[in-house]
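Trainee: when you get a sec, could you give me coordinates for this:
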Amino acid sequence: MRRLGIIMTWMFMSICVLLLVTLPVNLQTQLIAGATVLAIMMVLKTLNAGGIWRLIALAFGTAIVMRYVYWRTTSTLPPINQLENFIPGFLLYLAEMYSVMMLALSLFVVAMPLPHRPDRPTVKGKLPSVDVFIPTYNEDIELLANTMAAAKAMDYPAGRMTVWILDDGGTVQKRNAEKIVEAHSAEKRFTDLKALCEALDVRYLTREKNAHAKAGNLNNGLEHSTGELIAVFDADHAPARDFLLETVGYFDEDEKLFLVQTPHFFLNPDPLERNLRTFEQMPSENEMFYGIIQRGLDKWNAAFFCGSAAVLRREALNVTGGFSGVSITEDCETAIALHSRGWNSVYLDKPLIAGLQPATFASFIGQRSRWAQGMMQILRFRFPLFNGGLSLPQRLCYLSSTLFWLFPFPRAIFLIAPLFYLFFGLEIFTASGGEFLAYTLIYMIVNLMMQNYLYGAFRWPWISELYEYVQTIHLLPAVISVMLNPRKPTFKVTAKDERIDRSRLSELAAPFFVIFFVLLIGVGVTIYRIYTEPYKADVTLVVGAWNLLNLIFAGCALGVVSERGDKRPSRRVKVSRRCEFRFGDKWVSGTIDDVSVNGIRVQLLGNLTDQLSIDMASDVRFKTSATGEMGDLPIQVRNIRKQAGETAVGCLFMPDDPTDHKLIADLIFANSSQWTKFQLDRRGNPGLIKGTIWFFGVAMFQTYRGFSYLARQITGRDKAGWERT
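Mentor: Okay, the predicted model is just below:
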């Protein structure tokens, strides 16, 4: 009876909302109602009201969105007999309805996400055996050495854990390639990597052919191993010591659990963060997914495998014949196959690995193109809404995750829609300036406020729109190609550990400058039309403001594609660790206060600048986290700085033995709490108004910076240090 009562209450409330949404009112009443809802949402946000009040605020916002959809559908579409207006107008309408649908799915997924899982689960009996897979293709061997050393150092009984390198770069197929240079390179990689594995006590495994890319490589590992659980780490994803102890206990709690997924934390900024210099002050793009969305998916038992930083149950993988390889996103495809078979998943919102993400804009776009194409393949071959094995919430969750990657279509339409009116006089949106104010403007503000409610400190205002815009230009053809030929895309490894030796424009920058100039012309046309057609000034002002907003995004994107010179592949992470620094035959006490994948900074007591020199070879000695024993790591002095009572020495790692990578891994990756602290330090919600002002300021500066790069490239001023702003 209680359940029936809840259903009846929801039905009654839904009918009331629909009646209110479709109620005919005049423009003034609509404006007052919209402003009132905005005020209520602002008050609730200011009071930081959570729980039921958060849902009430979102419900008010949903009512405004539904009211807008009703008005947009019934009052604004051009007449169907005016095809020159109706076709672009209907495309714009579809783009808006896509956005509304994605907002609805987001509300379902993340309106009330699961709270953080605070406790490490305990294992009642014997710890399960674990095979640790590190699939690799063409990654640098030094990068792999750090990951292997970190994996071997995980706090877990040695007899219960086996670390495997699954090498697709040294297959028999590649070593016997027709091109002699390629064959020689593969043979050398095979020999060197096998020797490194022996030195680090890691099992090396390759195969005959590179069939089915990463999925085939992982399945080859399954065939040659026997562990009850499979931990998967990308070649550049090094785990903390407590990774397995934080994750394997969940499998003891649920015999139908197939996956424990953890976040991907990155030591380096993506191209947008690096070029806009927001890495230390603003949450990364991936934090919205791993900090909010995955927790929301976890609520509905729909958290999915993300290809790395995860533990899977072998028994479950055997049910589906291993990792799925129909699409080029084998991770999500594997998860949907197992969820549809009744298996469960868990998402642990704690960064337990540290990795590298693409540094150049071209590599970033290449990675996102693969994700987009893979999700489109899943949408095509395993359409979630009609997947009978999934629960209804799971279907909606997977639908949200796959449909998201259609964003290049609406984003492109939003970009060019105002130009139809400004350049050609087409009326694709039949409304007055007052109606735009009462309906569209309030809808846009409510939409932004709802996003702020949903994602808060994890995503600042307008940043999602910027990320979508910079990807749209190149993802649109990639998505279209996979729609026309869903089996065409092939798996391509994303370049990592990149260095940008000098500041330059990205090789993908040209379209962004073209678009900027077209939108700038649109601003001029807006002024001209207001002057020559004053009787249409209200509509022209609205469309011109829309075009101006697009121009602001386009200008900010010029800064994104203006690559800053930065030879460091990763940022330094703050630590505090006692050490000893060698001066010839004597050792001096000091503190390691930051570390990166390439080196460390050591603070030494007193003024020792006269005893140090650039490029001086030395060693640093410290206690390891694994054993507590002292270890000596070769270093080279790169910079010296005198501080108050101290000398700061920047050092480069100089490993001359494979086991030195154990010490490097111990310094960087052993302690996962340092990554959590770094994330929390840059999280903060500036709010809609302050965040908007900040974004527009950034956009203005980045527009200038983009054109300064273009001018220098045109004039040939291509010097190594010509730009550091």
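Trainee: what's the closest non-adjacent residue to the residue nearest to the spatial centre of the chain?
Mentor: The centroid of the chain falls nearest to Asn286 when counting by Cα atoms, centre = their mean (2.8 Å). Residue nearest to Asn286 in three dimensions, not counting chain neighbours: His264, with 6.0 Å by Cβ to Cβ, 6 or more residues apart in numbering. No exception for glycine: its C-beta is placed from N, CA and C like everyone else's.
Trainee: thinking again about what came up before, and the helix or strand harbouring the residue nearest to the centre of the chain, what does it pack onto?
Mentor: Taking DSSP states H and E as the criterion, Asn286 maps to helix 285-288. In terms of contacts (3 or more Cβ pairs under 8 Å, 6 or more residues apart in numbering; DSSP states H and E), helix 285-288 is packed against helix 463-484.
Trainee: can you name the element that comes right after the helix it packs on?
Mentor: Trace forward from helix 463-484 with DSSP H and E and the next one is strand 504-505.
Trainee: contacts only, for Leu196.
Mentor: Leu196 sits next to 141, 144-145, 148, 202, 658 when contact means Cβ atoms under 8 Å, 6 or more residues apart in numbering.
Trainee: right, and the pair among these with maximum separation?
Mentor: Maximum pairwise distance in those, criterion Cβ to Cβ, is 12.3 Å, between Ile141 and Val202.
Trainee: give me the more crowded residue out of the two.
Mentor: Between Ile141 and Val202, Val202 has the larger neighbour count (other Cβ atoms under 10 Å), namely 25 against 17.
Trainee: tell me the phi and psi of the closest residue to the more buried one other than its chain neighbours?
Mentor: Distances taken as Cβ to Cβ, 6+ apart put Val163 closest to Val202, at 4.7 Å, once the chain neighbours are dropped. Per-residue torsions, Val163: phi -100, psi 130 (degrees, to the nearest 10).
Trainee: roughly how far does Val163 sit from Leu356?
Mentor: According to Cβ to Cβ, to the nearest Å, Val163 stands 20 Å off from Leu356.
Trainee: and this structure, what are its domain boundaries?
Mentor: 130-359, 573-672 (automatic domain parsing).
Trainee: how about those in JSON lines, adding distance to Thr692?
Mentor: JSON lines is the format used below for these (distance: least, Cβ to Cβ, whole Å):
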{"stretch": "domain 130-359", "distance to Thr692": "14"}
{"stretch": "domain 573-672", "distance to Thr692": "31"}
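Trainee: burial count for the closest residue to Tyr709 other than its chain neighbours?
Mentor: Among residues not flanking Tyr709 along the chain, Ser562 sits closest, at 4.1 Å (Cβ to Cβ, 6+ apart). Using other Cβ under 10 Å, Ser562 has 27 other residues around it.
Trainee: re earlier: just the ones of the contacts of Leu196 in helices?
Mentor: 141, 144-145, 148 (DSSP state H).
Trainee: quick check, nearest of those residues to Phe653?
Mentor: Among the ones in helices among the contacts of Leu196, and counting by Cβ to Cβ, the member closest to Phe653 is Ala145, at 11.0 Å.
Trainee: ok, so what distance separates the closest one from Leu663?
Mentor: For Ala145, the distance to Leu663 - Cβ to Cβ - is 11 Å.
Trainee: returning to that earlier point: check which element follows the helix holding Asn286 along the chain.
Mentor: Following helix 285-288 in sequence, per DSSP H and E, is helix 294-299.
Trainee: what's that next one packed up against?
Mentor: Against helix 294-299 (3+ Cβ pairs under 8 Å, 6+ apart) you get helix 83-110, strand 344-347, helix 392-403.
Trainee: most tightly packed of these?
Mentor: strand 344-347 (a mean of 23; mean count of other Cβ atoms under 10 Å).
Trainee: low-scoring stretches of the protein, by residue?
Mentor: Scanning the chain for pLDDT under 70 picks out the ranges 1-14, 16-17, 49, 491-497, 567-571, 717-725.
Trainee: try 50 this time
Mentor: 720-725 (pLDDT under 50).
Trainee: now the farthest one out in it, which residue is it?
Mentor: Asp585 (47.5 Å).
Trainee: how near is that residue to Gln261?
Mentor: When Asp585 is compared with Gln261 (using Cβ to Cβ), they lie 50 Å apart.
Trainee: same question, Trp460
Mentor: To Gln261, Trp460 is 25 Å away according to Cβ to Cβ.
Trainee: equivalent analysis for Val470, please.
Mentor: Taken as Cβ to Cβ, the span from Val470 to Gln261 is 27 Å.
Trainee: likewise for Glu96?
Mentor: 33 Å.
Trainee: likewise Val479?
Mentor: For Val479, the distance to Gln261 - Cβ to Cβ - is 25 Å.
Trainee: so between those two, which is more surrounded?
Mentor: Gln261 (27 against 20).
Trainee: who touches the more buried one in this structure?
Mentor: 294, 303-306, 309-310, 345-348.
Trainee: can the residues you listed go into TSV with extra columns for distance to Asn685?
Mentor: What follows is these, written out as TSV (distance: Cβ to Cβ, whole Å):
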residue	distance to Asn685
Gln294	19
Ala303	24
Phe304	27
Phe305	30
Cys306	25
Ala309	26
Ala310	29
Ser345	29
Val346	28
Tyr347	22
Leu348	24
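Trainee: Asp593: which of those residues is nearest?
Mentor: Ala309 (27.0 Å).
Trainee: what count of nearby residues applies to the closest one?
Mentor: With other Cβ under 10 Å as criterion, Ala309 counts 27.
Trainee: correct me if wrong: it contacts Ile353.
Mentor: Yes. With contacts counted by Cβ atoms under 8 Å, Ala309 reaches Ile353, the gap being 4.4 Å.
Trainee: between the two, which contacts overlap?
Mentor: 233, 237, 239, 262, 264.
Trainee: and these, which two are the farthest apart?
Mentor: Among the shared contacts of Ala309 and Ile353, Pro239 and His264 lie farthest apart (Cβ to Cβ), at 11.7 Å.
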